[in-house]
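*Asks:* when you get a sec, could you give me coordinates for this:
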Amino acid sequence: MDDTLKPLKVPPQMSYYADKHNLSYLMQSLVASLVTSQPDDPISHLIDLLKSSNMSIPRVVLLGPPAVGKHTLARHLSVQLEAVHVTTETLLPDQSELSTLSEQGFAELLVQLVQQRLKQPDCVHQGWILVGIPQTRLQALLLQQAGIIPEHVVLLVAPTNVLLTRNQRRSVDLQTDSNRTSIRSADDIIAGHQERGGLSEEQLLAKLQLFHCEVTGLRSAYRHILKVIDGNQLDTVIYLQALAFIQTHHHFRTPRILLMGPPGSGKSHQAKLLSEKYKMTDVCCSRLLRSVAANGSGLGAEIQQYLENEQSVPDSLVLQAVEQRLSQVDCSSRGWVLHGFPYNLHQARNLRGFQHQPNRVFFLEVTDDVCLERTTLRRTDRVSGERYHTVTRPPQTAVQNRLQAAPDDSAEVMRERLERYRAESAGLQSVFPDAFRIDAAQKSHNVFEALERRLNTN
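*Replies:* Below you'll find the predicted structure:
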């Protein structure tokens with residue numbers, strides 16, 4: 001076999017070092033700068049770049065239909081991030097002759113103007129926020145070809161009736177020539193959706209139709225760095241969601257995530273969401289032990305004895321099973337999210353000695369009362385295997401008689417499990433002092449957003 005065709009195996013220690021020092025992000029940034037800037041002296045360019053403080057400057061694109069609030073959001077983000085606010089109007093103050101240009105001609109002109117603007121010292125050193133640019137997939141592709149690649153793209157969306165209502169509420173102060181709209185937030189961070197005004201209902205509907213024709217292409221062009229935000233929320237909520245997203249960075253290459261928390265904290269559900277979005281391997285310790293027990297190996301036979309007798313599997317066997325699983329190709333190449341392990345101090349210390357250590361550790365924090373409510377009210381359909389909750393996800397009448405509660409979900413068993421976790425939690429936290437703590441009493445999607453924010457930060 002040709003040696004060049006053999007799969008390359010990188011020692012785990014190298015991967016751990018690279019993750020610890022964000023080398024993947026550093027190399028990506030350096031190469032991207034070389035390709036887009038194409039300096040005559042690449043070495044000097046890289047040295048200057050490493051010496052500069054602008055490697056993590058904001059490079060943001062804000063998109064959305066007219067009247068959705070993107071210009072107001074951009075102004076406030078620009079103040080917070082100290083980034084330059086760039087719009088089509090600032091690039092093209094006189095748009096009287098644009099109607100004579102073809103779509104290709106206008107796109108090329110716009111990209112040329114954007115290139116010139118972003119090369120100015122303020123954009124180079126402070127970063128930039130492009131608002132409403134690009135407007136079409138063609139413009140997006142031309143921007144990419146020109147080396148203008150944002151790190152974050154925010155797409156604001158809102159129902160048509162909401163946009164029409166906002167447009168009707170706008171008024172123009174004849175003395176100051178500034179646009180105003182109603183203020184929906186009690187917070188002073190954002191004083192209303194202030195945007196360009198003056199569109200008739202027919203003009204707005206025409207622009208909305210054009211936007212809807214192009215938005216699918218724009219989503220596709222920026223799908224890996226895109227966040228869609230509901231523009232029909234309080235202004236502060238929109239602002240904080242956008243700011244939290246923009247302040248995240250995709251620093252690590254292969255995620256190795258450890259989720260810990262009491263039973264009922266939502267570890268399995270959040271692991272499922274993370275594995276689905278980031279294509280990482282979901283490693284549940286209890287499922288893993290059952291899988292190993294069924295595979296016919298020597299280790300599996302030992303584990304099977306304990307499972308059959310409903311006894312706890314010894315730490316030594318659990319550690320072997322987990323370490324073998326994390327060493328497999330899918331985990332090393334795609335990353336993993338581990339939950340249900342470790343559940344005592346001995347296991348935690350041994351995990352720290354694994355070659356494949358976690359690079360993100362989270363404690364999902366929630367009270368015992370919430371855990372009991374979540375678990376003791378769970379029910380499973382014996383026929384479909386579908387899980388329900390009598391309060392948060394009640395079943396249909398047709399399946400009521402098929403539901404049953406798992407023995408481990410009884411209040412007595414859950415209280416014992418919670419007591420064991422609380423007794424071990426201080427030791428677990430001492431092994432992972434840099435772990436993130438997440439309020440898991442929130443709604444599931446809020447917990448997931450909190451995990452994502454910390455997943456992509458230093």
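*Asks:* how near is Arg360 to Leu155?
*Replies:* 27 Å (CB to CB, to the nearest Å). For every residue, glycine as well, the C-beta is placed using N, CA and C.
*Asks:* likewise for Phe341?
*Replies:* Taken as CB to CB, the span from Phe341 to Leu155 is 38 Å.
*Asks:* please apply the same query to Arg325.
*Replies:* Arg325 is 38 Å from Leu155, by CB to CB.
*Asks:* same question for Pro263.
*Replies:* In terms of CB to CB, Pro263 sits 38 Å off from Leu155.
*Asks:* could you do Asp282 as well?
*Replies:* Counting by CB to CB, the gap from Asp282 to Leu155 is 28 Å.
*Asks:* pick out whichever of the two has more residues nearby.
*Replies:* Leu155 (20 against 16; other CB atoms under 10 Å).
*Asks:* quick one: list the elements packing against the strand or helix carrying that one.
*Replies:* Using DSSP states H and E, Leu155 sits within strand 152-157. Secondary structure elements in contact with strand 152-157, counted by 3 or more CB pairs under 8 Å, 6 or more residues apart in numbering; DSSP states H and E, are strand 59-63, helix 70-81, helix 201-221, strand 226-230, helix 235-246.
*Asks:* adding mean neighbour count, distance to Val162 and mean pLDDT, write the ones you listed out as CSV.
*Replies:* Formatted as CSV, these follow (neighbours: other CB atoms under 10 Å; distance: least, CB to CB, whole Å; pLDDT from 0 to 100):
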stretch, mean neighbour count, distance to Val162, mean pLDDT
strand 59-63, 25, 17, 95
helix 70-81, 20, 14, 92
helix 201-221, 15, 11, 90
strand 226-230, 17, 10, 93
helix 235-246, 19, 13, 90
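*Asks:* so for Ile148, which of those sits nearest?
*Replies:* strand 59-63 (8.5 Å; CB to CB).
*Asks:* packing partners of the closest one?
*Replies:* Looks like strand 59-63 contacts helix 70-81, strand 128-131, strand 152-157 (3+ CB pairs under 8 Å, 6+ apart).
*Asks:* of those, which is nearest Thr216?
*Replies:* Closest among these, using CB to CB: strand 152-157, at 11.3 Å.
*Asks:* give me the mean pLDDT for that closest one.
*Replies:* Mean pLDDT, strand 152-157: 95.
*Asks:* which residues touch it?
*Replies:* 58-65, 68-70, 73, 215, 218-219, 222, 225-231, 238, 242, 245-246, 248 (CB atoms under 8 Å, 6 or more residues apart in numbering).
*Asks:* quick one: it to chain centroid distance?
*Replies:* Relative to its chain's centre, strand 152-157 lies at 13 Å (CA atoms, centre = their mean, to the nearest Å).
*Asks:* and the angle from the helix or strand following it to strand 152-157?
*Replies:* Next along the chain after strand 152-157, taking DSSP H and E as the criterion, comes helix 160-169. Going by axes from the mean of the first three to the mean of the last three CA atoms, to 10 degrees, helix 160-169 is angled at 90 degrees with respect to strand 152-157.
*Asks:* what residues sit buried inside stretch 154-163?
*Replies:* For stretch 154-163, a neighbour-count test (16 or more other CB atoms under 10 Å) marks Val154, Leu155, Leu156, Val157, Ala158, Leu163 as buried.
*Asks:* closest to Arg379 out of these?
*Replies:* Nearest to Arg379 among the buried residues of stretch 154-163, with distances taken as CB to CB, is Val157, at 35.8 Å.
*Asks:* what's the spacing between that closest one and Gly231?
*Replies:* 6 Å.
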